[in-house]
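# Got a sequence here, can you build the structure:
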Amino acid sequence: MTKLEFYFHSQGGYRYVPHVDETGAPTRTNYVSLPTELYDTQLGGKAIHEYVDSLAFAERLGFDGILHSEQHGSPIGLSGNALVTAAWLAARTEHIRIVCAGPVLNGYLSPVRMAEEIALVDNLSRGRLSVGLPMGIGPNYHAQGVTNPAYARERYREALDLLLAAMTRPGPFEWEGKFFHVPYVNLWPRPVQQPYPEIWVPVAGSRDSLKLCADRRFVYMILLSPPAVRIKNAQIFRELCEEQGYTPDPRQTAVCTIVHVAESDRQARREAEPHILWLFQHVFGGAFPEWFPPGQVSSQSLRGMLAGGYRSGDMAAMTFDELSERGWVVVGSPSTVSERLEQLAEEAGAGRMVIWGDFISNPDWLLRKSMTLFAEEVIPRFREPDGKPVWARADDRLPRTNAEWAAVGQQRATPRVGMPGDGVVDLEAALAYDSGAEVD
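Next comes the predicted model:
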């Protein structure tokens with residue numbers, strides 16, 4: 001079988017909400033405008049801890065990585081800052097790669113602030129961080145009010161340039177562009193991974209985003225889309241890479257798909273069907289302009305979306321059979337799931353699979369059951385005979401013990417202090433300084 005890396009994805013939403021048809025909202029969505037009076041702090045706290053605990057649990061099961069996102073102004077996701085979640089995961093895990101698929105770059109007043117947060121979390125995780133930089137969807141912009149969606153794509157490109165410059169160029173330096181003017185870009189600390197942590201870009205089908213991934217050699221993460229669209233976009237991506245003079249490594253492409261595993265196909269459907277329908281009805285409904293405000297996507301991408309691409313139809317109205325037949329979801333026994341995932345990977349030329357196993361409404365025990373079966377019965381079919389995840393084959397990027405710390409690091413300056421009568425001396429010499437003052 002195709003050799004694949006597996007990343008577990010959890011959404012971290014709040015399930016205790018009325019059905020979209022019962023809210024009275026004209027756009028049939030639980031995004032953006034659902035009243036916060038429906039939120040209960042105890043249930044919300046429970047949902048948040050189950051969310052992060054399931055991500056940490058993926059390391060114990062032997063997944064290669066974990067992937068989480070951020071959402072704003074809705075119960076669809078309770079993590080409003082993916083880098084905060086990543087910092088928590090860095091403390092709770094030891095080796096697994098943490099893919100922070102968010103933050104939304106245009107949600108920051110300054111990308112330098114994001115660079116600082118990325119560098120800090122990369123250090124906290126000892127170099128295990130990957131960063132997803134989505135363009136974001138309409139609700140992200142509506143709920144934050146930082147960026148006019150009409151300028152979203154242009155501002156994103158300058159913000160990305162500044163973000164990468166902050167992590168790679170010696171500081172301080174001045175940045176003066178159309179959207180940002182920073183007199184002193186001077187990043188402390190620096191990222192552990194050089195030149196910067198691996199960057200993923202979630203792409204629904206925008207050619208602009210595909211070209212960005214090809215030009216910068218970012219990881220192209222294929223979001224949920226019809227099979228014909230997935231295959232076509234994967235081919236376009238490979239062609240764009242060839243135009244840049246290289247053939248993309250399979251690890252540069254990751255396919256995200258909704259997955260549930262059980263003992264048999266029948267049992268898997270019985271367990272997953274109501275929760276998957278809940279997910280599509282509550283997350284993928286709503287009016288098109290609410291998701292994609294005017295100007296947020298290019299005219300070329302908009303034409304493609306309306307002609308049968310991403311969200312060209314009413315995803316919330318799809319039946320389970322339609323979702324399964326069109327490849328939106330993969331549900332079944334370990335054998336069935338393995339066959340479907342291999343097909344998806346081959347169609348896209350992908351070396352990574354993002355397994356979306358949290359449907360928000362499915363209880364924690366059911367999620368963990370599927371995760372465990374997937375880890376024990378599916379993942380080994382796509383690995384080397386020893387069954388090890390990628391992190392078991394690599395060394396940590398930062399030491400873990402005092403002895404290891406003492407043996408590394410390039411000291412560029414000696415810590416010095418000004419002492420009365422002796423001028424500026426090394427700190428070691430200062431320890432021998434005797435002021436003559438009495439000490440109790």
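# Quick one: residues contacting the residue most central in space within the chain.
Centroid-nearest residue in the chain, with C-alpha atoms, centre = their mean: Ala101, separated by 1.5 Å. By C-beta atoms under 8 Å, 6 or more residues apart in numbering, Ala101 lies in contact with 9, 67-69, 82, 132, 134, 200, 202, 221. Just so you know, the C-beta spots here come from the backbone N, C-alpha and C atoms, and that holds for glycine as well.
# Repeat the analysis, applying 7 Å as the threshold.
Contacts for Ala101 (C-beta atoms under 7 Å, 6 or more residues apart in numbering) come out as 67-69, 82, 132, 134, 200, 202.
# those strands in the stretch 1-150 of the chain, which residues are they?
5-9, 65-69, 97-101, 129-132 (DSSP state E, counting those that start in this stretch).
# Neighbouring strands - and their directions - for the third one?
Listed by DSSP bridges, the sheet partners of strand 97-101 and their directions read strand 65-69 (parallel), strand 129-132 (parallel).
# right, so of the ones you listed, which gets closest to Val329?
When the strands paired with strand 97-101 are compared by C-beta to C-beta, strand 65-69 sits nearest Val329, at 17.5 Å.
# relative to strand 5-9, how tilted is the closest one?
Inter-element angle recorded for strand 65-69 and strand 5-9: 40 degrees (by axes from the mean of the first three to the mean of the last three C-alpha atoms, to 10 degrees).
# Mind listing residues that contact strand 65-69?
5, 7-10, 12, 55, 58, 77, 79, 82, 85, 89, 96-102, 354.
# Kindly report the same for stretch 347-358.
So stretch 347-358 is contacted by 4-11, 54, 67, 221-222, 230-231, 234, 238, 249-251, 253-260, 341, 345, 367, 370-371, 374 (C-beta under 7 Å, 6+ apart).
# cool, stretch 133-145 as well?
Stretch 133-145 has contacts (C-beta under 7 Å, 6+ apart) with 31-32, 72-74, 101-102, 104-107, 147, 149, 152-153, 156, 160, 199, 201-202, 209, 290-293, 296.
# neighbour-wise, which of the contacts of Ala101 leads?
By neighbour count, taken as other C-beta atoms under 10 Å, the most surrounded of these turns out to be Leu67 (28 neighbours).
# Across the sheet, point out what pairs with that residue.
Under the criterion DSSP bridges, Leu67 forms beta bridges with His9, Val99.
# now it: how far from Asp161?
Taking C-beta to C-beta, to the nearest Å as the measure, Leu67 falls 25 Å from Asp161.
# go on, Ile276?
39 Å.
# can you check Leu43 too?
Separation of Leu43 from Asp161 (C-beta to C-beta): 42 Å.
# can you redo the strands paired with strand 97-101 as TSV with distance to Gly138?
TSV is the format used below for the strands paired with strand 97-101 (distance: least, C-beta to C-beta, whole Å):
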stretch	distance to Gly138
strand 65-69	15
strand 129-132	18
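# For Gly423, find the nearest of those.
Per C-beta to C-beta, nearest to Gly423 of those: strand 129-132, 42.7 Å.
# what's next to the closest one, contact-wise?
Outside strand 129-132, the residues that touch it by C-beta under 7 Å, 6+ apart are 86, 97-102, 118, 121-122, 197-202, 221.
# swap the cut-off to 6 Å and go again
When contacts are defined by C-beta atoms under 6 Å, 6 or more residues apart in numbering, strand 129-132 is touched by residues 98-101, 118, 121-122, 197-200, 202.
# Now pLDDT too, for the residues you listed, in JSON lines please.
Listed next are the contacts of strand 129-132 as JSON lines, based on pLDDT from 0 to 100:
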{"residue": "Ile98", "pLDDT": "98"}
{"residue": "Val99", "pLDDT": "98"}
{"residue": "Cys100", "pLDDT": "96"}
{"residue": "Ala101", "pLDDT": "92"}
{"residue": "Ile118", "pLDDT": "98"}
{"residue": "Val121", "pLDDT": "98"}
{"residue": "Asp122", "pLDDT": "97"}
{"residue": "Pro197", "pLDDT": "97"}
{"residue": "Glu198", "pLDDT": "97"}
{"residue": "Ile199", "pLDDT": "97"}
{"residue": "Trp200", "pLDDT": "97"}
{"residue": "Pro202", "pLDDT": "92"}
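# okay, now the nearest residue to Leu43 once chain neighbours are set aside: neighbour count?
Residue nearest to Leu43 in three dimensions, not counting chain neighbours: Tyr16, with 5.3 Å by C-beta to C-beta, 6 or more residues apart in numbering. If you count neighbours by other C-beta under 10 Å, Tyr16 ends up with 13.
# Please identify which of the contacts of strand 129-132 is nearest to Leu398.
Leu398 lies nearest to Asp122 out of those, by C-beta to C-beta, at 9.4 Å.
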